[in-house]
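>>> A predicted structure for the sequence below; I have some questions about it.
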Amino acid sequence: MKIPFDIWEHLMRIASIYDTGTCFLFWPEDTGLSMYVWHWIWARIFIILNISDVFVWAKIIHVTQFLIATLTMYYFSKTAFQFLSVEHRELTIKFLALSSTLLWFLGNGTISIYQQAWINWYSVTYQGISVPLLWYMLALTIRLLYEESLGITKKSFYLIQIVLASFLVLIIHPTEFVYYLINLFVLFAVHIRRSLRYIRKNFVSLSILILCMVILGIQVKQAGWLPLPVLLHGLKLNVLLKDIQEIGHWVTQEGGNRIPYAISELTIFSMICAVLFRIRQFFSRNGTDRKLYDFLLISSALFLFIPLNGFLAGMAGITTHKDIVWRFFFGSAWFLFLPFIIDRVVILLMKKEDILYPFTINIAMIILFLFLSRFMFHQSFYLNANSIIHLTDSHQVGLQYSQDDMERLAGIIRQNDAPADGLINIFYIRGDMAPILRTVIRKYVYADRRYLWPKATFFEKGLNKKYRLIDIDLPDDFPKNEEIFRYFNLEKKP
């Protein structure tokens, strides 16, 4: 919950809906992005539960979405292993899925001042639900294609879930729907014969599915919930090509892909092992479904390659947004390969299936890479794991200011919050206090999340016609976290 990271923007939006029924950041005209459905859902839940404390909100959202992420990643991994090899017993599949889920938590992360695992950065954001839904949709899609004994009732149930999950992803954070479509394309290309046979066999139900998705897409677009970058319309070809080139250059040459910190050392090792294992499959099947393995390998490599290639990064940038192209790394299923390959090697050497050895070797591999990552490589995997270990440590992930500091701030605000004749009070305060003042104390603030506007711009924008600006100078002995100010421009300006 450190200031001024993403969690505060989302808590601000929830607070605004909770208090006023409309979504904004620091003051009512400060609306920003249009994706507010996730915030509205949580605000309504907290209204029903009669909970107004933002710190309690953060804990509830974090725990809920952490559990959802765990369950969906486990379900996706279990589904993949179930159809990758028909030889496995149920208990073996469960242990493999548990290993993969653990790798997903430890291996995905990024840096923004601090290196943190994915779950630390995004558990209290809309991505904390849209990414798990992506993997759930993909698991159901694999089941539809591979589960031969599916009856019409279960098949319809899966299809309905995919439609509903697609709708939720589209209105919450549509980037993950782009990931799903890419996976769908690769899955169809790798299984072209099976896919065509499946389409012929289920033409009516698939037509209904597509019709439902089109109708939902139109409704989402008309409601204004779908951000324009996803739609690509209104742009000429020469403009598109220019944007692709510029975005691709920024992502790959100017640090927009956050390399090397967005890809852990274990991710790289896992993909190398996956390629070598596939080469060996040319000479021996090893009880593996090659088509499914090829789909997982190609799609995983593609998601890792997109932010590294100028053209593909540019295409991803105009389809979503240039600032989030690096997040395509999170669409890779790299975490499946190492547990699966270790299991196949153990079977090859022992001539029988074993549960304990592969799981033990996976844990040993994690420990080995924690050591290698810390002392020999760029520390991404080690720091991701370290951030999860300290997930409940307030010094590591908690707010930089104490409860006493916030109560003192509230007292200062009360002393200056005099009634304004016909105007609404809005405060101008040191930038690190702005999110606390807006979210915890629930006052309007003239600020931005990672930047403090010059005071003069308040009057240039004509906001003084509606608001009275109250300039707050904090006492010299009021705590100040200097680290924040080294990275963000949060000092007051004339």
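Arrived safely.

>>> from here on, contacts and neighbour counts on C-alpha atoms
Noted.

>>> ok now do the most centrally placed residue in the chain, which residues does it touch?
Centrality entry for the chain: nearest residue to the mean C-alpha point is residue 127, 3.6 Å, by CA atoms, centre = their mean. Contacts for residue 127 (CA atoms under 8 Å, 6 or more residues apart in numbering) come out as residue 173.

>>> Torsion angles phi and psi at it?
Dihedral angles of residue 127 (phi, psi; degrees, to the nearest 10) stand at phi -70, psi -20.

>>> how close does it sit to residue 7?
Distance, residue 127 to residue 7, using CA to CA, to the nearest Å: 11 Å.

>>> Enumerate the positions of stretch 418-433 that are buried.
Neighbour-count burial for stretch 418-433 flags 425-433 (criterion: 16 or more other CA atoms under 10 Å).

>>> Pick the one among these closest to residue 238.
residue 431 (40.9 Å; CA to CA).

>>> ok, now which ones touch the closest one?
So residue 431 contacts 447-452, 489-492 (CA under 8 Å, 6+ apart).

>>> need the next SSE after the helix ranked longest in the chain, C-terminal direction.
Looking across the chain with DSSP state H, the single longest helix is helix 54-84. Tracing the chain past helix 54-84, the next element assigned as helix or strand by DSSP states H and E is helix 90-107.

>>> show me where pLDDT drops low in this protein?
Applying pLDDT under 70 to the chain picks out residues 32-34, 86-88, 198, 202-206, 208-209, 212-235, 285-286, 351-353, 392-397.

>>> For it, just list every one of the strands.
Under the criterion DSSP state E, the chain contains strands at 109-112, 114-117, 424-428, 467-471.

>>> ok, and for the last one, which residues are buried?
To tie it back to what came earlier, the one meant is strand 467-471. Result for strand 467-471 [16+ other CA under 10 Å]: buried residues 467-470.

>>> Repeat that for the second one.
Residues of strand 114-117 classed as buried by neighbour count (16+ other CA under 10 Å): 115-117.

>>> which one of those residues is nearest residue 482?
residue 115 (18.8 Å).

>>> My guess is the closest one contacts residue 384. True?
Yes - judged on CA atoms under 8 Å, residue 115 makes contact with residue 384 at a distance of 6.5 Å.

>>> Spell out which residues are contacts of both of these two.
By CA under 8 Å, 6+ apart, the residues touching both residue 115 and residue 384 are residue 109.

>>> so how many other residues sit close to residue 385?
As a burial measure, residue 385 scores 23 neighbours (other CA atoms under 10 Å).

>>> oh sorry, the question was meant for residue 475
A count of nearby residues for residue 475, using other CA under 10 Å, gives 8.

>>> and if you look at the one 3 residues further on?
When neighbours are defined as other CA under 10 Å, residue 478 has 9 of them.

>>> how close does the nearest residue to it once chain neighbours are set aside get to residue 258?
Spatial nearest neighbour of residue 478, excluding adjacent residues (CA to CA, 6 or more residues apart in numbering): residue 405 at 7.8 Å. Applying CA to CA, the value for residue 405 to residue 258 is 34 Å.

>>> Between the two, which has more neighbouring residues?
residue 258 (19 against 13).

>>> Look up the closest residue to that one, ignoring the ones flanking it.
Nearest one to residue 258, counting by CA to CA, 6+ apart, is residue 326 at 6.7 Å.

>>> How about the contacts made by that neighbour?
Counted by CA under 8 Å, 6+ apart, residue 326 has contacts 251, 256-258, 262, 307.

>>> ok, these vs residue 145, which is closest?
The closest of those to residue 145 turns out to be residue 307 (CA to CA; 29.2 Å).

>>> which residues sit in contact with the closest residue to that closest one other than its chain neighbours?
Nearest non-adjacent residue to residue 307, counting by CA to CA, 6+ apart: residue 313, 4.9 Å away. The contact partners of residue 313, by CA under 8 Å, 6+ apart, come to 244, 247-248, 251-252, 306-307, 325.

>>> I would like a ChimeraX command selecting only the buried ones among the residues you listed, please.
Selection of the buried residues among these in ChimeraX, burial being defined by 16+ other CA under 10 Å:
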select :244,247,248,251,252,306,307,325
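
>>> how much space between residue 466 and residue 274?
For residue 466, the distance to residue 274 equals 61 Å [CA to CA].

>>> which of these two has more neighbours?
A count of neighbours by other CA under 10 Å puts residue 274 above the other of residue 466 and residue 274, at 23 against 12.

>>> Next up, the contacts around that one.
297, 337-338, 341.

>>> How much space separates residue 377 from residue 274?
Distance from residue 377 to residue 274, by CA to CA: 21 Å.

>>> Surely residue 27 is in contact with residue 448?
No - in this structure residue 27 lies outside contact range of residue 448 using CA under 8 Å: 10.1 Å.

>>> circling back: got CSV for the buried residues of strand 467-471, with distance to residue 103 too?
Below are the buried residues of strand 467-471 laid out as CSV (distance: CA to CA, whole Å):
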residue, distance to residue 103
467, 51
468, 52
469, 50
470, 50
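
>>> List just the nearest of those residues to residue 53.
Checking the buried residues of strand 467-471 one by one against residue 53 (CA to CA), the nearest turns out to be residue 470, at 25.1 Å.

>>> which residues touch the closest one?
416-417, 425-428.

>>> From residue 372, how far off is it?
Counting by CA to CA, the separation of residue 470 from residue 372 is 53 Å.

>>> since we're on residue 53, how many residues are nearby?
13.

>>> Residue 440 is in contact with that one, correct?
Yes - look at residue 53 against residue 440 with CA under 8 Å: they come within range, at 7.5 Å.

>>> what about the closest residue to residue 277 other than its chain neighbours, how many neighbours?
Take residue 277 and drop its neighbours on the chain: the residue closest to it by CA to CA, 6+ apart is residue 341, 7.3 Å away. Residues near residue 341, counting by other CA under 10 Å, number 16.

>>> show me what contacts residue 341?
Residue 341 neighbours (CA under 8 Å, 6+ apart): 273-274, 277.

>>> Can you add distance to residue 411 and give the residues you listed back as CSV?
Conversion of these to CSV gives the following (distance: CA to CA, whole Å):
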residue, distance to residue 411
273, 59
274, 59
277, 64
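
>>> any idea how far residue 138 is from the residue nearest to residue 179 when sequence neighbours are not counted?
Nearest residue to residue 179, sequence neighbours excluded (CA to CA, 6+ apart): residue 331, at 6.4 Å. Residue 331 is 11 Å from residue 138, where distance means CA to CA.
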